[in-house]
Structure formats: C-alpha cells, structure tokens
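**Student:** show me the folded form of this:
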Amino acid sequence: MCCNNMLYYTQHNIIAYNEVFDEFGILLNENDTSIILLEYCPWCGQKLPSSQREKWFEELEALGFVSPLFDDNIPVEYKSKKWREKS
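**Tutor:** Numbers count the residues shown, from 1 in each chain. Okay, here's the model as predicted:
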C-alpha cells in the first residue's frame with residue numbers, strides 16, 4: 001500500500017482492490033462490484049499500479065477463451081495474481 005489511509009480504507013471495504021487485475025477503485029455500491037478505477041491514491045497522490053485487466057483478457061483470449069470472465073474453466077493461476085507473477 002502507498003499510505004496508511006489507503007490501507008485503512010481498503011481494509012474497511014471503501015476502496016476495493018482486485019488482485020487479479022492489480023487495480024484499486026472506489027466502490028459505487030456495497031452490493032455491487034462496480035468501481036471507479038483509481039490511477040492515483042486519493043490521500044497521498046502516489047501513482048497506483050496500472051490495471052492489468054486488458055493484458056489478462058489478451059492472454060486468455062490467446063489461449064482460446066472467448067468470454068474468460070464467465071468461463072469457470074480458465075486456468076487456476078488466472079483466478080489470482082499468480083498469472084502476473086509467472087516468469
């Protein structure tokens with residue numbers, strides 16, 4: 001985390017962190033997964049990691065998955081941050 005405020009608000013589910021896509025966002029509704037993507041920390045101004053969402057889709061589509069978000073058969077490493085950590 002870039003600062004204590006970001007850590008606090010992430011832990012208290014005000015700021016969402018998606019480890020698969022490595023992205024932070026402000027939750028729009030507590031009953032929904034919709035977020036406003038953050039590029040910078042609202043408290044300290046540090047640049048946050050660039051979202052890896054597009055790369056995730058590109059890699060899975062290259063593996064033959066047409067709708068990877070809705071496909072339970074995607075490789076297990078693509079369901080966590082492990083896909084970004086591969087060498």
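**Student:** please name the residues that touch P42.
**Tutor:** Counting by CB atoms under 8 Å, 6 or more residues apart in numbering, P42 touches N5. C-betas here are computed from N, CA, C, even on glycine.
**Student:** quick one: it from R84, how far?
**Tutor:** Note on P42: its distance to R84, by CB to CB, to the nearest Å, is 24 Å.
**Student:** toward the C-terminus, what is the element adjacent to the longest helix belonging to the chain?
**Tutor:** Scanning the chain for the longest helix, with DSSP state H as the assignment, gives helix 53-62. Following helix 53-62 in sequence order, the next helix or strand is helix 82-85 (DSSP states H and E).
**Student:** tell me where the model's unsure across this protein.
**Tutor:** Along the chain, the model assigns pLDDT under 70 to residues 87.
**Student:** hmm, try it at 80
**Tutor:** For the chain, the stretches with pLDDT under 80 are 29-33, 86-87.
**Student:** residue furthest from the geometric center of it?
**Tutor:** G64 (22.0 Å; CA atoms, centre = their mean).
**Student:** give me the distance between the residue lying closest to E39 once chain neighbours are set aside and T10.
**Tutor:** Computed as CB to CB, 6 or more residues apart in numbering, the closest residue to E39 that is not its neighbour in sequence is L48, at 6.0 Å. L48 sits 11 Å away from T10, taking CB to CB as the criterion.
**Student:** any residues in contact with both of those two?
**Tutor:** Joint contacts of L48 and T10 (CB under 8 Å, 6+ apart) are F24.
**Student:** and P75, what does it touch?
**Tutor:** 63, 83.
**Student:** separation between it and G64?
**Tutor:** 11 Å.
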